[in-house]
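Undergrad: just need the structure, nothing else, for what follows:
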Amino acid sequence: MDRRPELLLLAALTLFFTAAAGCGVATLEVHEEDKDISEQGDPEGGDRFTPFSTNLPKGAAVEVVKVKVGLNCRTGPSTSYMVVRLLANGERGTVLDYNSSKTWYKLDVGGVQCWSYHYYLAKVSDSGTNNGQGVGSGGDVGSSLGNYWHTYYYLAQQSDYPGSGYPIYDKSCGVIVSSTSAFYAAAKMEGSAKLNDGRVINYAGSCTCGGQSRKCFQVLSTAFPYGAGASGKAIIPLRSIAVDKSLIPLGSAIYIAEWDGKAMPSIDGLGGFTHDGCFRADDTGGAINGQHYDFFAGSKAMWQALENLRPTQSSSAVSIGGAKCAYVSSLTPTAPQTPNSPPGPSNGSCQGYCGQEAPGGCYCDDQCATFGDCCADKQTLCDGGSNNGGSNNGSNSTPPPASNPNGWSGMPAPFVLSRDGIINAASTYVGFSYWWGGAKLPDPWQASGASKGSCSSPSFSGHSGTYGADCSGFVGDVWQLPEHQSFSANQHPFSTYHFYHQENHWTKINRATAQRGDALVYRSSSGGHIVVFESVDPWGKVWTYEARGCSYGIKHNLRTLGTAYKARQRHGLL
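TA: This is a model prediction of the structure:
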């Protein structure tokens, strides 16, 4: 399947601009552009480190070791330079250069060149090719292709997107299934999806159906339980990867050293074995360019678990054509188990839980009627009735809805899809946590008293608590993008890649014309960032609302934003 430019996980790969100093308890802070850096990693330099330098020759393959948070990789050889990437334990790169004292090394990590402190680097081999040998069981792994970075994809599930009324067509404009726009977006993004009736559909190209230009799909035979790759073969969880076919021919046996010896989690009937580093190049996609591979995780839960092993954008040593991995050419998939469905309605009560999930698995929010999982007393307690006994700082009764044809239905008047509504919603989330890959926030009129969550590391699994969002997930929520369904749905179909390069529910505008509620987005080859624009002060600094990074969460900032930031305007503002 020719997968389209995606991917949530590139969403996640944003640069999280943070202040180098001066952080206090005040909500509003001034941040100069030349001090903006990405997420801070482990300390660099100081008395706790060994006084001697590390001797790493040019061309050596090195691995990041001993870090707890991550290793800052900077634009130059000192802590005064900006951080361009945060390297995880186990990431590998090649030494390009070093400073005179050999305490800072310039590395090539997955095509990104930056400087890191010597204390956290260990030599793997004297050659950046790692002599063609992996970490695990050894054997002929073939010719080195250098270091690649990776993302993940998986089989979307209709059961994750309850509802109907949105047709998904085949190439002849026949309706395959009536689902939701969010499920359509997920199927389009992942390239394949499983329907509630057990059928698997695969991306089949563009078409014009129902008077609209859209993506169409085909129903696959049972020989393709997870979808079909661009090679024509069935894709296999934990074995298939999507590649740039101008660099790696489809069907090639691939060895990736950093996966050799990794224990695959046992989730959704997948995994439960120790990987040998062998993969097959089964797929390609519009966003898979250069030294980048897309790892097919199989299920969403497996993807989330794999983030703990190898976070998105980690660097890996890739080789091709060795005898060790020749066997993958004959692999075929086994039929998937259906992941656990979300809990349905129960006898739980909305007493004290209006606008939220209630104990027992039923819901008391505005979307439960659509999903069919409302608590039995939701209408009585939350839709005009009293809500005595609640514990969330007083009444949780939902305010009367205002007409809002251009945003989510049932939005209270202060939060309808308007310039003021966007700013009003954004302001209620100041202080909520950063959640890499997340877009789950309480309804803005329920934000007071809600648990704000906590971020321990910039990865999907590095978040705890109910609520949080990353930069693009936050903008998607306050912009009420249709694919998000609701503030709390935690759907994340758009990354900074989409906001920067495409025009889906927004328009590219001249930055000089930006108004409150618009967005400013930056994107490079290695990541990006997006903020909600509020205003410009007399000195040209910008007031923004943004999900700034793990250490900061969602902030209201006065900052300088360079010309690389481009303006975007949401469609349909009232």
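Undergrad: stretch 167-186: which residues count as buried?
TA: By neighbour count, and taking 16 or more other Cβ atoms under 10 Å as the criterion, the buried residues in stretch 167-186 are 167-170, 176-177, 179-186. The C-beta positions use only the backbone N, C-alpha and C, and glycine is treated the same way.
Undergrad: tell me which two in these are the farthest apart.
TA: Across the buried residues of stretch 167-186, the longest distance by Cβ to Cβ is 20.0 Å; it joins Asp170 and Ala182.
Undergrad: so where's the stretch 401-550 of the chain shaky on pLDDT?
TA: Within the stretch 401-550 of the chain, the stretches with pLDDT under 70 are 401-406, 459-461, 525-527.
Undergrad: now the strands for it?
TA: Under the criterion DSSP state E, counting those that start in this stretch, strands of the stretch 401-550 of the chain are mapped to 439-440, 454-455, 463-464, 468-469, 506-509, 519-524, 527-536, 542-549.
Undergrad: please parse the protein into its domains.
TA: 37-128, 132-154+228-330, 156-219, 341-398, 405-570 (automatic domain parsing).
Undergrad: least confident of the ones you listed, on average?
TA: With a mean of 52, domain 341-398 has the lowest mean pLDDT of the domains of the chain.
Undergrad: out of the strands of the stretch 401-550 of the chain, which is the most enclosed?
TA: By mean neighbour count, with neighbours taken as mean count of other Cβ atoms under 10 Å, strand 468-469 ranks first of the strands of the stretch 401-550 of the chain at a mean of 30.
Undergrad: distance from the chain centre to it, please.
TA: With Cα atoms, centre = their mean, to the nearest Å as the basis, strand 468-469 stands 11 Å off its chain's centre.
Undergrad: can you name every helix or strand that it contacts?
TA: strand 439-440 (3 or more Cβ pairs under 8 Å, 6 or more residues apart in numbering; DSSP states H and E).
Undergrad: so in that sheet, which strands flank whichever strand in the chain runs longest, and in what orientation?
TA: Identified as the longest strand of the chain according to DSSP state E is strand 142-154. Strand pairing for strand 142-154, determined by DSSP bridges: strand 292-298 (parallel), strand 315-321 (antiparallel).
Undergrad: buried stuff in it?
TA: For strand 142-154, the buried set under the neighbour-count rule, 16+ other Cβ under 10 Å, comprises Gly142, Ser144, Leu145, Gly146, Asn147, Tyr148, Trp149, His150, Thr151, Tyr152, Tyr153, Tyr154.
Undergrad: elements contacting whichever helix or strand comes after that strand?
TA: Note on strand 142-154: by DSSP states H and E, the next helix or strand toward the C-terminus is strand 156-157. Contact here means 3+ Cβ pairs under 8 Å, 6+ apart; on that basis strand 156-157 packs against helix 181-190, strand 192-194.
Undergrad: count the neighbours of Asn89 for me.
TA: Asn89 has 16 neighbouring residues, counting by other Cβ atoms under 10 Å.
Undergrad: confirm that it sits in a helix.
TA: No - Asn89: not assigned to a helix; according to DSSP: H, G, I helix; E, B strand; the rest coil it is coil.
Undergrad: for it, phi and psi?
TA: phi -50, psi 130 (degrees, to the nearest 10).
Undergrad: is it in contact with Val64, as I believe?
TA: Yes - with contact defined as Cβ atoms under 8 Å, Asn89 reaches Val64; the gap is 5.8 Å.
Undergrad: three-state assignment of Leu573?
TA: With three-state DSSP as the basis, Leu573 sits in coil.
Undergrad: ok, now which ones touch it?
TA: Leu573 is in contact with Asn406, Leu417, Ser418, Arg419, Gly517, counting by Cβ atoms under 8 Å, 6 or more residues apart in numbering.
Undergrad: got a PyMOL select line for the buried ones in those?
TA: Of the contacts of Leu573, the buried ones go into a single PyMOL selection, burial set by 16+ other Cβ under 10 Å:
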select buried, resi 417+418+419+517
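Undergrad: okay if I get the contacts of Leu573 as a markdown table plus distance to Cys114?
TA: Shown next, in a markdown table, are these (distance: Cβ to Cβ, whole Å):
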| residue | distance to Cys114 |
| --- | --- |
| Asn406 | 43 |
| Leu417 | 40 |
| Ser418 | 42 |
| Arg419 | 39 |
| Gly517 | 35 |
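Undergrad: please identify which of the contacts of Leu573 is nearest to Asp160.
TA: Asp160 has its nearest neighbour among the contacts of Leu573 in Leu417, at 24.8 Å by Cβ to Cβ.
Undergrad: leaving out the residues flanking it, which one is nearest to that closest one?
TA: Gly407 (3.0 Å; Cβ to Cβ, 6 or more residues apart in numbering).
Undergrad: one more: Gly476?
TA: His484 is the one closest to Gly476 (Cβ to Cβ, 6+ apart), at 5.1 Å.
Undergrad: wait, that neighbour touches Val478, no?
TA: No - the pair His484 / Val478 is not scored as a contact, 9.9 Å apart, by Cβ under 8 Å.
Undergrad: ok, these two, which is more surrounded?
TA: Legend: neighbour count by other Cβ under 10 Å for His484 and Val478, higher for Val478 (28 against 25).
Undergrad: and that one, how far from Ala469?
TA: For Val478, the distance to Ala469 equals 9 Å [Cβ to Cβ, to the nearest Å].
Undergrad: overlap of the contact sets of those two?
TA: Residues touching both Val478 and Ala469 (Cβ under 8 Å, 6+ apart): Tyr429.
Undergrad: give me the three-state assignment for the closest residue in space to Thr513 that isn't next to it in sequence.
TA: In this structure, Thr513 finds its nearest non-sequential neighbour in Ala567, 7.2 Å apart by Cβ to Cβ, 6+ apart. Look at Ala567: counting by three-state DSSP, its state is strand.
Undergrad: between helix 181-190 and the longest strand of the chain, find me the angle.
TA: 180 degrees (axes from the mean of the first three to the mean of the last three Cα atoms, to 10 degrees).
Undergrad: before we move on, back to that, can I get the helices and strands packed on strand 156-157 in JSON lines including distance to Gly449?
TA: Shown next, in JSON lines, are these (distance: least, Cβ to Cβ, whole Å):
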{"stretch": "helix 181-190", "distance to Gly449": "28"}
{"stretch": "strand 192-194", "distance to Gly449": "37"}
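Undergrad: indicate which one of the ones you listed is closest to Trp506.
TA: Proximity to Trp506, assessed across the helices and strands packed on strand 156-157 by Cβ to Cβ, is greatest for helix 181-190 (14.8 Å).
Undergrad: for the closest one, which outside residues touch it?
TA: Here helix 181-190 has contacts from 3-4, 6-8, 153-156, 158, 160-161, 166, 168, 193, 201, 203, 214-215, 217, 482-485, 489, 491, 493, using Cβ under 8 Å, 6+ apart.
Undergrad: so which of the contacts of Leu573 are in helices?
TA: Arg419 (DSSP state H).
Undergrad: and of the contacts of Leu573, the nearest to Arg85?
TA: Using Cβ to Cβ, those come closest to Arg85 at Gly517, 31.4 Å.
Undergrad: so who does the closest one touch?
TA: Per Cβ under 8 Å, 6+ apart, neighbours of Gly517: Ser418, Arg419, Asp420, Gly421, Ile422, Ile423, Val532, Phe533, Arg570, Leu573.
Undergrad: pull the most distant pair out of the buried residues of strand 142-154.
TA: For those, the farthest-apart pair by Cβ to Cβ is Ser144 and Tyr154; their separation is 28.4 Å.
Undergrad: re the thing from before, got the contact list for the residue nearest to Leu417?
TA: Val416, Leu417, Gly421, Gln480, Gly572, Leu574.
Undergrad: in three-state terms, label Lys324 for me.
TA: At Lys324 the chain is in helix, as set by three-state DSSP.
Undergrad: Asp140 is in contact with that one, correct?
TA: Yes - proximity of Lys324 to Asp140 meets the contact threshold set by Cβ under 8 Å, at 5.6 Å.
Undergrad: of those two, who's got more company?
TA: Lys324 (23 against 14).
Undergrad: how much space between that one and Phe533?
TA: From Lys324 to Phe533 the distance is 52 Å (Cβ to Cβ).
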